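Q: Here is a sequence together with a model predicted from it:
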Amino acid sequence: TRRAGRAGARLTGADQPLLQSDNSLLFDGVSDFLQTSAFTLNQPCTYYLLCKQVTWTNGDVICNGVSATCAVVQAPAASSPNLRMNAGSGAPDNAGLALDTYGVISAVFNGAASSLQINNGALATGNSGANNPGGFTLNSAAVTFSNAQYKETIVFPSAHDSATRRTVVNYLGQVGNISV
């Protein structure tokens, strides 16, 4: 288990997110991000993010691997508040996270069997592509940044099934004191 907010290597100057009174990190949408050093993280893998999009802008990135389009959750060109997975092929999409509302995003990157879920809601499935993350970046793909707030981020080097996802989502719901 790696927690990007604690394992992030980029914590200096103008690119540093602001620590909030609830111990969350607020990213300004301009240049803030956290990135691990490269490490072996291949598909299948599962990301969990207890977060909220403060605002939604086409192209904003919630998270990524260590280089562009290598396991991205981002805001696509569709309408707000849609999110899309992309590891070389943009799918699936899920519009279940309302703006400025905390929720749990679970993203299973597993090629043609990828899935994107908000809380314990509807599961969106599709082929996200086969690119490997090679590490983890919170809130950036080097040129696009989200105006978002994160309470917890967990990355697993395996594809979680529905029962495991439900367990982790319920745990993060308790951490964030939200209904999932």
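A: Now that the structure is in, tell me what you want to look at.
Q: okay, CA-based contacts and neighbour counts for the rest of this
A: Noted.
Q: Where does pLDDT dip in the chain?
A: 1-12 (pLDDT under 70).
Q: just checking, what's the longest helix in this protein?
A: For the chain, the longest helix by residue count, based on DSSP state H, is helix 162-176.
Q: ok, which stretches of this protein are helices?
A: Per DSSP H, the chain carries helices over the ranges 4-7, 162-176.
Q: and for the longest one, what are the contacting residues?
A: Looking back up the chat, that one is helix 162-176. The contact list for helix 162-176 (C-alpha atoms under 8 Å, 6 or more residues apart in numbering) reads 48, 50, 102-104, 106, 119-120, 151-152, 179-180.
Q: which of those residues tops the neighbour count?
A: Counting neighbours by other C-alpha atoms under 10 Å, the top entry in those is residue 104, with 30 neighbours.
Q: Could you report the distance from it to residue 136?
A: Residue 104 sits 17 Å away from residue 136, going by C-alpha to C-alpha, to the nearest Å.
Q: May I have the beta-bridge partners of the nearest residue to residue 30 once chain neighbours are set aside?
A: Leaving aside its sequence neighbours, residue 30 sits nearest to residue 145 (C-alpha to C-alpha, 6 or more residues apart in numbering; 5.9 Å). Residue 145 has the following beta-bridge partners by DSSP bridges: residue 140.
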